[in-house]
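Student: Got a sequence here, can you model it:
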Amino acid sequence: MAKNFGDRNPPRVFFYQRLLIFISVLTLMIIGLISISSATQSLDAGSYRFLERQLIWLGLAIGVGIIAALINLDKIKPLIPVAAVLAVGVLILVLIPGIGKMVNGSRRWIVLGGLGFQPSEFAKIAFIFLMAYYLDAQHRNLKDLKLGLFLPLIFIGVFAFPILLEPDFGTCALFGAVGMLMLFLSGARLVHLIPTLAGGVAAFIGLILQDEVRSRRLFAFLDVEGNRQGGSYQLYQGWLAFVNGGATGVGAGNGRYQNDYLPEAHTDFILAIIGEEFGFMITTLVVILFATIFCLIIFSLKRAPDMYHGQLVMGTLLMICLQALINMGVVTGLLPSKGLSLPFISYGGSNLITMCALTGILINCLRHWEKLPISSEQRKFVEITA
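Tutor: Coordinates of the predicted model:
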């Protein structure tokens, strides 16, 4: 006789959800390792230095992900404000000459003991926790102008502004987008959010136009063909890589656009290398894998026991998928250059560790939610966002 789970789904459903997320992320990382190995051959002079480093970061990232999947998310709530203050403090430290390292005109790195890390990557985790913590505490007051708009905007600003000063316009925009979407999904009033969003976008565009390098990129993006030897050189070469790959690709290691034609092919534009070497089919698979993660989590949100868990998962999901969407939009020419890496795939330790930690949080919540029956009190998140 089948067991009666009442208003619960059979535990096997949740196991398969977690398994599919794990398989999707693992597949993305394997594609990333193969692509990094190929894209860095011309940089390594035949060695596997970049691949070896990425494997070391991957081992550390998996360890962090496992910890994130096992910790008690409710017990760490009192530590969230402290962690947020520390994260903002490190974001400010990176701006200080002698502490922050300048790379390609931006001061985004701190180097300790020969190892460099990007504080803005780890700040993503603290930011999501802070927003979820606040929105849960004030969920009854989010229609209020002060508590439902001004204070959350301050939280977004204290994280985004130091990142803007690095300067890192792409990550700053990502923080702003995730924060505003979390506000919207928590039930904040549209009459407050729409003018704020419009003003923020206008101010952001104004800052871009005041920056010579980024304004040149923006205008080059509007005319890729006309600027293919200038500001849109990288994008144009990325297009050619996709065209050269066709449906099935030229084969791993046989691409030619990573060899001096496509700068930074192993980081921001690694999707173009995937398109050339593995073709449209594997490129589409990458998109499907991100979409699978997104859909599995969205369909599970009705199980969220409260606003804290619901917003924590929603913010985490948005941070992963929006970054992936922006990167793919940049590489395909749908968006101007932002300098964001492709989660789980691009070369780099800081982003890989952060993305694995965020994945661990998603799995943690699904593991916790499967033990809870759905009740009227446990549908706050879905009811408010409906």
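
Student: CA only for contacts and neighbour counts going forward, please
Tutor: Noted.

Student: In the stretch 101-250 of the chain, where is pLDDT below threshold?
Tutor: 219-223, 226-231 (pLDDT under 70).

Student: the helices in it, which residues?
Tutor: With DSSP state H, counting those that start in this stretch as the criterion, the stretch 101-250 of the chain has helices at 119-137, 145, 151-165, 169-186, 190-210, 212-222, 233-245.

Student: what's downstream of the first one, the next helix or strand?
Tutor: On the C-terminal side of helix 119-137, the nearest following helix or strand under DSSP states H and E is helix 145.

Student: Run through who's touching that following helix.
Tutor: residue 192 (C-alpha atoms under 8 Å, 6 or more residues apart in numbering).

Student: which one of the helices of the stretch 101-250 of the chain lies closest to residue 282?
Tutor: Across the helices of the stretch 101-250 of the chain, residue 282 has its closest neighbour in helix 233-245 (10.6 Å, C-alpha to C-alpha).

Student: Format the helices of the stretch 101-250 of the chain as CSV; extra columns: mean neighbour count and distance to residue 271.
Tutor: Formatted as CSV, these follow (neighbours: other C-alpha atoms under 10 Å; distance: least, C-alpha to C-alpha, whole Å):
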stretch, mean neighbour count, distance to residue 271
helix 119-137, 23, 20
helix 145, 15, 42
helix 151-165, 19, 25
helix 169-186, 21, 17
helix 190-210, 14, 25
helix 212-222, 17, 18
helix 233-245, 22, 9
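
Student: Of these, give the one that comes closest to residue 336.
Tutor: Comparing the helices of the stretch 101-250 of the chain under C-alpha to C-alpha, the one sitting nearest is helix 212-222, at 5.6 Å.

Student: What segments of the chain are strands?
Tutor: Along the chain, counting by DSSP state E, strands occupy 100-103, 106-112, 115-117.

Student: Ok, which of those comes nearest residue 13?
Tutor: Going by C-alpha to C-alpha, the one of these nearest residue 13 is strand 115-117, 37.7 Å.

Student: Pairing partners for that closest one, with directions?
Tutor: strand 106-112 (antiparallel) (DSSP bridges).

Student: What residues of the strand it pairs with count as buried?
Tutor: Using 16 or more other C-alpha atoms under 10 Å as the burial criterion, the residues of strand 106-112 that qualify are 107-110.

Student: next one: stretch 30-42
Tutor: Neighbour-count burial for stretch 30-42 [16+ other C-alpha under 10 Å]: 31-33, 35-41.

Student: Contacts made by that stretch with the rest, please.
Tutor: The contact list for stretch 30-42 (C-alpha under 8 Å, 6+ apart) reads 47-48, 50-51, 54-55, 252-253, 258-260, 265-266, 270, 273-274, 344-347.

Student: Stretch 149-166 too?
Tutor: So stretch 149-166 is contacted by 88, 91-92, 94-95, 106-108, 120, 123, 127, 131, 134, 142, 169, 171-173, 175-176, 179, 183, 188, 192-193 (C-alpha under 8 Å, 6+ apart).

Student: before we move on, what about stretch 350-362?
Tutor: With C-alpha under 8 Å, 6+ apart, stretch 350-362 has contacts from 57-58, 60-62, 64-70, 117-118, 121-122, 124-125, 297, 313, 316-317, 320, 341, 343-344.

Student: just to revisit the earlier point, can I get the buried residues of stretch 30-42 in CSV with distance to residue 217 and pLDDT?
Tutor: Shown next, in CSV, are the buried residues of stretch 30-42 (distance: C-alpha to C-alpha, whole Å; pLDDT from 0 to 100):
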residue, distance to residue 217, pLDDT
31, 29, 95
32, 27, 94
33, 29, 94
35, 26, 91
36, 26, 90
37, 29, 87
38, 28, 84
39, 24, 81
40, 25, 80
41, 28, 73
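
Student: Export these as JSON lines, with columns for distance to residue 205.
Tutor: Listed next are those as JSON lines, based on distance: C-alpha to C-alpha, whole Å:
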{"residue": "31", "distance to residue 205": "35"}
{"residue": "32", "distance to residue 205": "32"}
{"residue": "33", "distance to residue 205": "35"}
{"residue": "35", "distance to residue 205": "34"}
{"residue": "36", "distance to residue 205": "33"}
{"residue": "37", "distance to residue 205": "37"}
{"residue": "38", "distance to residue 205": "36"}
{"residue": "39", "distance to residue 205": "33"}
{"residue": "40", "distance to residue 205": "34"}
{"residue": "41", "distance to residue 205": "38"}
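
Student: In these, find the pair that's most separated.
Tutor: Longest span within these, C-alpha to C-alpha: 31 and 41, 16.0 Å.

Student: gap between the nearest residue in space to residue 310 that is not next to it in sequence and residue 316?
Tutor: Nearest residue to residue 310, sequence neighbours excluded (C-alpha to C-alpha, 6 or more residues apart in numbering): residue 304, at 5.1 Å. Using C-alpha to C-alpha, to the nearest Å, residue 304 is found at 14 Å from residue 316.

Student: Please apply the same query to residue 206.
Tutor: Residue 206 is 29 Å from residue 316, by C-alpha to C-alpha.
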